[in-house]
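> here is a sequence together with a model predicted from it:
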Amino acid sequence: MKLFLMIYDVDFDEDVMEMLDICCVTGYTKWDRVFGKGKKSDPKLSDAVWPGYNCAVAVAAENSMEDELVTAMEALRGKLGDKGFVVYELPVLRVI
């Protein structure tokens, strides 16, 4: 099992949610109004100096679903370009 943590510009929220729906993801955790700065982006702090914010979604994917989800996330990354969408893949050692 893997945990995929997606952090993306709020402008891409509809694209990400649609991708999860197409992949038949039935469970996820979503955070709205996430602030920060990436290697390839300006800060997003939702203020006058650094406007905008991100969203974050975590999906725990069973082994049988991992390849489909990775393929969909890579396709979405290609569609959205080099900025505003990043995915971290983490191993899930145990679910309690």
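Everything's here; your move.
> so how far is K83 from D21?
In this view, D21 and K83 are 24 Å apart by CB to CB, to the nearest Å. Every C-beta, even on glycine, is put in place using the N, C-alpha and C of the backbone.
> now I22
23 Å.
> return the set of buried residues in the host helix or strand of T71.
T71 is part of helix 63-80, with elements assigned from DSSP states H and E. Buried positions in helix 63-80, judged by neighbour count with 16 or more other CB atoms under 10 Å: 65, 69, 72-73, 76-77, 80.
> go through these and say which is closest to Y28.
L69 (10.8 Å; CB to CB).
> ok, that closest one - contacts?
Counting by CB atoms under 8 Å, 6 or more residues apart in numbering, L69 touches 4, 23, 25, 59, 61.
> list the contacts for the last one?
Under the criterion of CB under 8 Å, 6+ apart, the contact list for A61 reads 1-4, 25, 69.
> repeat that with 10 Å
1-4, 23, 25, 27-28, 67-70, 89, 92 (CB atoms under 10 Å, 6 or more residues apart in numbering).
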